[in-house]
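1. build me a model from this:
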Amino acid sequence: MNLEEILQLQQKKLLEYPLERRHKLDRLFVAFSIVAEGTYVYLCDMKYDISRWSKAAVDHFGLPGDYMYDAGDIWENFIHEEDREIYHAGIDDIFSGKSNGHDMQYRAQKRGGGYDVCTCRGAVLLDENDKPNYFAGVIRNHGYQNQMDSLTGLRNQYGFFDDLQSNLNRCQEMSVFITGISKFSEINEVYGYDFGNRVLQCFGRFLCEVVGNSGSVYRIDGTKFAVISNTAKIEFIRERYRAFRRHFRSDFQVDGRNILLELNAGYVFVNHFDVDTKTIFACLNFAYTESKTRRQGGLVEFYNDLNESNRSRIERLNAIRNSIMHGYQGFYLLYQPVVDAFSENLIGAEALLRWKNDKFNVVPPDQFIPFLESDPLFPELGEWILREALSAAKQILSHFPDFVMNVNLSYTQLERSDFCDVVVRAIQEADYPAEHLCLEVTERCRLLDMDLLKNVLASLKSHGIRIALDDFGTGFSSVGLVKDLPFDIIKIDRSFVQQIENDDMERELMRHFSGLASSFGAKVCVEGIETEGMRDILQKYHVQSFQGYYYAKPLTLEDFLNWKPQNK
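-> The predicted structure is shown next:
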């Protein structure tokens with residue numbers, strides 16, 4: 001039979017199935033599902049050969065539906081051909097009455113290809129006349145981790161990703177919410193880890209009470225919890241989150257102690273389904289980080305707006321993330337010249353990341369770089385950027401002996417234990433002089449432990465690598481970073497010089513900024529130079545280099561090698 005005929009037969013048999021027997025099948029199925037957490041449950045009415053299967057199994061393997069006629073034969077088609085003989089023999093023994101159960105292991109093909117190793121255990125339930133009535137069993141998928149969090153009793157991140165994928169497979173719209181506790185280490189330090197665990201248990205229980213029947217709650221990791229809802233919208237979630245925060249700021253008690261908790265939260269509404277679960281999670285983490293670092297814990301929504309080609313933001317980010325995993329297709333670098341502030345000779349360049357493909361065309365960097373910076377894939381992309389930039393810099397260096405290549409870093413790269421080794425190895429493999437490389441960090445590096453950051457930068461500088469603070473002045477902690485960290489270069493953000501030809505306040509700020517940097521032994525580079533007038537004014541300050549459209553827009557390597565300052 002073809003697929004259409006199979007589906008028609010399934011529908012016919014289900015319509016013929018007595019309603020009373022179906023109700024009993026459902027009640028038994030629910031009971032088995034409760035006690036068989038972490039496995040796929042199946043229950044077969046042997047008198048009618050009608051089965052009900054776990055929704056998770058249907059989604060994961062791509063089965064015809066929750067209810068199936070002749071499920072044994074259908075399931076056999078998903079089993080690896082080398083394992084089918086033993087499976088078929090076991091099913092025949094059960095339905096012929098030779099056996100009252102089975103315990104076997106086989107490989108089953110999942111949706112999209114590939115096989116998972118599964119252990120299947122089942123038993124026959126007899127009726128009042130000792131005749132076979134139901135066959136009940138569980139399938140444990142060894143490709144999945146245990147989905148229960150042992151501390152809180154909630155489903156863990158594996159269950160979270162499983163349910164995300166299930167909704168995507170069914171094209172089910174969903175609201176996804178993540179929340180976490182700030183500075184939780186202080187609770188452990190003051191009250192001990194046992195009490196800290198009690199706090200997490202009470203937190204998870206209260207979150208379940210707040211969510212109620214509107215969604216499912218998960219403990220993701222550490223102090224982070226998530227909610228998936230197919231009904232709740234952003235207005236409902238905002239209202240509940242405000243009440244949730246008030247409770248933990250005033251009324252939260254654990255074992256008789258009043259505990260104050262500060263929370264952060266992110267939210268994304270998913271209504272486009274050609275994406276993967278890791279992209280959705282990355283969007284959530286981006287919103288959560290924005291809540292923590294910029295919104296003092298307020299709920300941040302990841303806006304999944306449409307662009308001119310009617311493609312959602314998440315779809316674009318999904319394509320970009322997939323590019324990282326497929327040889328960095330679509331990524332390329334441009335190079336913007338950096339010139340000496342007085343001679344205007346070329347002294348360096350900043351490597352700038354770009355991405356494009358046929359479906360989305362060129363995506364502006366400010367639409368994906370901030371998102372990628374908090375993604376676990378970014379360190380891998382960052383290493384690719386470094387190696388590409390070094391390869392280009394080696395060619396440029398042969399024409400300009402004083403040339404220095406500037407490469408931007410993310411704080412997620414800096415926190416990796418092997419980061420310094422990655423940089424040094426890339427330099428050595430490129431046979432590139434370390435003193436002609438400058439790594440740029442932003443004030444977002446304040447998110448890292450300061451001692452860790454000091455050690456990383458000191459290690460890099462010990463190899464001769466220069467360190468720059470990018471976008472100086474845009475963050476509240478920039479001055480503190482200049483004081484505490486050994487920067488070679490301070491890059492003044494373009495926002496502080498755009499009106500410098502007409503604004504006395506901007507001139508005064510430049511005087512202070514350049515003087516501050518100099519007092520700590522750092523050179524000053526001003527970004528965003530767009531006119532001759534800006535250049536003339538800034539040459540009066542203690543500034544060593546310029547970068548901006550007045551000299552050149554970001555260039556391809558070929559164009560860069562042919563570039564000359566306009567006044568040369």
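2. specify the beta-bridge partners of Val41.
-> Using DSSP bridges, the bridge partners assigned to Val41 are Val138.
3. now do the contacts for it.
-> Applying CB atoms under 8 Å, 6 or more residues apart in numbering to Val41 gives the contacts 29, 32-33, 53-54, 136-138. For every residue, glycine as well, the C-beta is placed using N, CA and C.
4. between those, which has the most around it?
-> Most neighbours among these, by other CB atoms under 10 Å: Trp53, with 24 neighbours.
5. all strands of the stretch 101-250 of the chain, in order?
-> 101-109, 115-126, 132-141, 174-181, 216-221, 224-229 (DSSP state E, counting those that start in this stretch).
6. low pLDDT regions in this structure?
-> 1-3, 37, 144-146, 304-312, 443, 446-448, 473-480, 483, 566-568 (pLDDT under 70).
7. for Leu452, see how far away the residue lying farthest from the centre of it is.
-> Distance from the C-alpha centroid of the chain peaks at Asn129, with 56.5 Å (CA atoms, centre = their mean). Separation of Asn129 from Leu452 (CB to CB, to the nearest Å): 72 Å.
8. quick check: the closest residue to Tyr42 other than its chain neighbours vs Val41, distance?
-> Counting by CB to CB, 6 or more residues apart in numbering, Tyr42 lies nearest to Trp53, which is 4.7 Å off, once chain neighbours are set aside. According to CB to CB, Trp53 stands 7 Å off from Val41.
9. likewise for Phe32?
-> In terms of CB to CB, Phe32 sits 5 Å off from Val41.
10. could you pull out the strands for the stretch 451-568 of the chain?
-> 466-472, 489-492, 523-527, 545-547.
11. how about the residue farthest from the centre of the chain, phi and psi?
-> Note on Asn129: its backbone torsions stand at phi -100, psi 20 [degrees, to the nearest 10].
12. ok, Val268 next?
-> Torsion angles, degrees, to the nearest 10, at Val268: phi -140, psi 140.
13. hmm, back to that, quick one: closest of the strands of the stretch 101-250 of the chain to Phe520.
-> strand 174-181 (35.4 Å; CB to CB).
14. helices or strands up against the closest one?
-> helix 157-169, strand 224-229, helix 234-250, strand 263-270, helix 277-293 (3 or more CB pairs under 8 Å, 6 or more residues apart in numbering; DSSP states H and E).
15. which one of the ones you listed lies closest to Leu151?
-> Nearest to Leu151, of the helices and strands packed on strand 174-181 and by CB to CB, is strand 224-229 at 11.6 Å.
16. which other residues reach the closest one?
-> 154, 160, 163-164, 167, 174-180, 203-204, 207, 211, 214-220, 237, 284, 288.
17. need the contacts of Val41 in JSON lines with distance to Leu377, can you?
-> Listed next are the contacts of Val41 as JSON lines, based on distance: CB to CB, whole Å:
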{"residue": "Phe29", "distance to Leu377": "40"}
{"residue": "Phe32", "distance to Leu377": "40"}
{"residue": "Ser33", "distance to Leu377": "36"}
{"residue": "Trp53", "distance to Leu377": "35"}
{"residue": "Ser54", "distance to Leu377": "32"}
{"residue": "Ala136", "distance to Leu377": "43"}
{"residue": "Gly137", "distance to Leu377": "39"}
{"residue": "Val138", "distance to Leu377": "35"}
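18. between those residues, which is nearest Leu372?
-> Ser54 (35.8 Å).
19. am I right that the closest one is in contact with Ser33?
-> Yes. Between Ser54 and Ser33 there is a contact under CB atoms under 8 Å: 6.9 Å.
20. which SS state does Val338 fall under?
-> strand (DSSP: H, G, I helix; E, B strand; the rest coil).
21. same question, the one 4 residues further on
-> Phe342 carries the three-state label coil when classified by three-state DSSP.
22. Ala341 versus the residue lying closest to it once chain neighbours are set aside, what's the distance?
-> Nearest residue to Phe342 in three dimensions, chain neighbours excluded: Gln539, at 6.4 Å (CB to CB, 6+ apart). Going from Gln539 to Ala341 by CB to CB gives 6 Å.
23. ok, now Ala434?
-> Ala434 is 25 Å from Ala341, by CB to CB.
24. neighbour count for the two, which is higher?
-> Ala341 (21 against 16).
25. now do the contacts for the closest residue to that one other than its chain neighbours.
-> The shortest distance from Ala341 to any non-neighbouring residue, by CB to CB, 6+ apart, is to Val543 (4.9 Å). By CB under 8 Å, 6+ apart, the residues touching Val543 are 341, 492, 510, 514, 524-526.
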